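[1] Fold the following for me, if possible:
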Amino acid sequence: MIRTELFKLRTHRTPWVLLAILIASLLIAPIYFAIKSPDDTTGLMDAYIGVSGILTPLLATVFGGWMIGHEYRQGTLRRVLGNDARRGRLIATKAATGLVALIAGVSIAVGVGALASLASAASFGETIVWDGVLRSVLSDGFFALVIASIAFILSILLRSDTYAMLGALGVMIIVGPLLTLIPAVGKYTPSALANDVTSWISGTGELVVSIVPASLGLLASIGVLTAAATATFQRSDI
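    Next up is the predicted model:
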């Protein structure tokens, strides 16, 4: 199954298009500032952090929903599943290969962006101070993993990649922040807990819930969603 999933990742256009979009977006600012030749690298690094912080979670959401959601849309799951006993293994395999692919893709993209930023800064005689930048990128990567995981789980529950993407964005960007208006509830939503963990990683902002309870709560939330998705997938008529 792992070889099959890796083959799909290599041959489908969607993962490569998402990777190309992220890399191209991270290259725009270095090229612009190399031509503009500013007095310092502040704008360059702000652009690097901003693009990474916005696009990485969005593209990760698309990738997470696509991993299994597109097979519902194309009707290929019937061919993959020989019997019900393989369903749990299929989910685990897709989750594992998707996780590795996502980490590898984001690492390559931000690495290319970092090298391009270094070259851009060198072109106008400046050096980049990386203090805090890498932690910010790591926090964005963690948030991307969380939202991609939720999109992956929702694609199983909703049997649709499109609805999974919209649902994950809604949970993390719309519903979660709205629930913070009710402190007793809002601070324990996946969105709020993920924000606490990312704040701890980046070293910026105050934590509403301390890091250990936030990490355990986030893990428990994703665990409950995973269990529900697995149970639904085992019983559903594909």
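[2] Tell me who's in contact with the most centrally placed residue in the chain.
    A centroid search over the chain (CA atoms, centre = their mean) returns residue 144, at 2.3 Å, as the residue closest to the centre. Going by CB atoms under 8 Å, 6 or more residues apart in numbering, residue 144 touches 56, 57, 59, 60, 102, 106. Every C-beta, even on glycine, is put in place using the N, C-alpha and C of the backbone.
[3] go on, residue 173?
    Shown in contact with residue 173 (CB under 8 Å, 6+ apart): residue 191.
[4] Ok, residue 204 next?
    132, 136.
[5] if we go to 6 Å?
    Under the criterion of CB atoms under 6 Å, 6 or more residues apart in numbering, residue 204 has no neighbours.
[6] let's number from 21 now, not from 1
    With the count now opening at 21, the last piece we talked about shows up as residue 224.
[7] Where do the helices of the protein begin and end?
    Secondary structure of the chain (DSSP state H): helices at 22-31, 33-56, 62-94, 97-100, 107-143, 153-178, 181-189, 196-199, 203-206, 210-222, 231-255.
[8] Compare those helices and say which comes out lowest on pLDDT.
    Lowest mean pLDDT within the helices of the chain: helix 97-100, a mean of 71.
[9] which other helices and strands contact it?
    On a contact count with 3 or more CB pairs under 6 Å, 6 or more residues apart in numbering; DSSP states H and E, helix 97-100 meets no helix or strand.
[10] Would you mind writing the CA trace of that helix as PDB?
    Output of helix 97-100 as PDB, limited to C-alpha atoms (Å, rounded to 0.1, in the frame of the first residue of the first chain):
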ATOM      1  CA  LEU A  97     -11.600   3.600  -3.500                       C
ATOM      2  CA  ARG A  98     -13.600   0.500  -4.500                       C
ATOM      3  CA  ARG A  99     -10.600  -0.700  -6.500                       C
ATOM      4  CA  VAL A 100      -8.200   0.000  -3.700                       C
END
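[11] And the residue located most distally from the centre of the chain, how close does it get to residue 166?
    Distance from the C-alpha centroid of the chain, by CA atoms, centre = their mean, peaks at residue 145 (34.3 Å). Taking CB to CB, to the nearest Å as the measure, residue 145 and residue 166 are separated by 39 Å.
[12] How about residue 50?
    Counting by CB to CB, the gap from residue 50 to residue 166 is 28 Å.
[13] Looks like residue 214 contacts residue 168 (just checking).
    No: contact criterion CB atoms under 6 Å: residue 214 and residue 168 do not qualify, at 11.7 Å.
[14] ok, how many other residues are close to residue 218?
    For residue 218, the neighbour count with other CB atoms under 10 Å is 23.
[15] Now residue 116. Nearest residue, chain neighbours left out?
    Nearest residue to residue 116 in three dimensions, chain neighbours excluded: residue 22, at 7.6 Å (CB to CB, 6 or more residues apart in numbering).
[16] how close does the one you found sit to residue 120?
    Look at residue 22 and residue 120: by CB to CB, they are 10 Å apart.
[17] For those two, indicate the residue with more neighbours.
    Ranked by neighbour count (other CB under 10 Å), residue 22 and residue 120 place residue 120 first, with 14 against 11.
[18] quick one: residue 151 from residue 201, how far?
    Where residue 201 is concerned, residue 151 sits at a distance of 35 Å (CB to CB).
[19] swap in residue 186?
    Taken as CB to CB, the span from residue 186 to residue 201 is 22 Å.
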